[in-house]
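[1] Sequence below, structure please.
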Amino acid sequence: MQREPLTEADEAVVAEQLGRPPRGVAGVAWRCPCGKPGAVVTEPRLPDGTPFPTVYYLTCPRAVAACSTLEASGLMAEMTDRLASDPELAAGYGRAHDAYLADREQLGSVDEIHGISAGGMPTRVKCLHVLAAHALAAGRGVNPLGDEVLDALGEFWESPCLS
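    Model prediction:
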């Protein structure tokens with residue numbers, strides 16, 4: 001897993017993006033071409049002790065809004081249906097689940113979430129934000145459905161950043 005340290009300036013940007021102080025951030029997973037954090041790496045246990053399975057957390061407001069629009073379109077149900085009928089896609093999504101878990105293990109082990117990744121992996125799709133963040137952080141070819149989400153989003157960073 002590659003990540004950059006979260007600077008004080010990054011933390012301020014992420015807080016503005018989220019509308020609240022970030023919790024348990026271990027670093028920046030992906031930066032927008034403008035230089036701002038767009039996805040962060042989160043510790044598997046938050047500072048208050050809560051287990052947190054979402055390693056890659058999307059923070060870019062444009063990407064978050066676009067993922068929400070895609071979710072409202074029914075894309076998650078369509079993707080889940082395809083997982084049930086496409087063994088090759090299901091196998092690739094299973095490998096993405098394994099890669100996600102391996103990345104989290106680099107940050108620490110939390111018994112309560114052992115074997116649980118995020119976004120519905122490996123059998124369903126329940127959060128496009130997580131899949132997009134994973135694809136941005138890991139790069140293309142790791143999460144096939146995350147790659148599809150990025151394709152659907154297009155080059156969201158080409159418009160001026162919102163924060």
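
[2] quick one, phi psi at residue 33?
    Per-residue torsions, residue 33: phi -50, psi -20 (degrees, to the nearest 10).

[3] ok, the residue lying closest to it once chain neighbours are set aside - contacts?
    Counting by C-beta to C-beta, 6 or more residues apart in numbering, residue 33 lies nearest to residue 157, which is 5.4 Å off, once chain neighbours are set aside. C-beta coordinates here come from the backbone N, C-alpha and C atoms, glycine included. Shown in contact with residue 157 (C-beta atoms under 8 Å, 6 or more residues apart in numbering): 32-34, 38, 60, 62.

[4] now do 10 Å
    Contact analysis of residue 157 by C-beta atoms under 10 Å, 6 or more residues apart in numbering lists 31-34, 36, 38, 60, 62-63.

[5] from these, which two are the most distant?
    Within the contacts of residue 157, 31 and 62 form the most distant pair, 13.8 Å apart (C-beta to C-beta).

[6] Please name the nearest non-neighbouring residue to residue 148.
    residue 79 (7.3 Å).

[7] just checking, that neighbour touches residue 143?
    No: using C-beta atoms under 10 Å as the test, residue 79 is too far from residue 143 to be in contact (11.5 Å).

[8] Report all helices and strands that whichever strand or helix holds residue 26 contacts.
    Counting by DSSP states H and E, the element that carries residue 26 is strand 25-31. Where contact means 3 or more C-beta pairs under 10 Å, 6 or more residues apart in numbering; DSSP states H and E, strand 25-31 is packed against helix 8-18, strand 37-42, strand 56-58, helix 87-107, helix 128-138.
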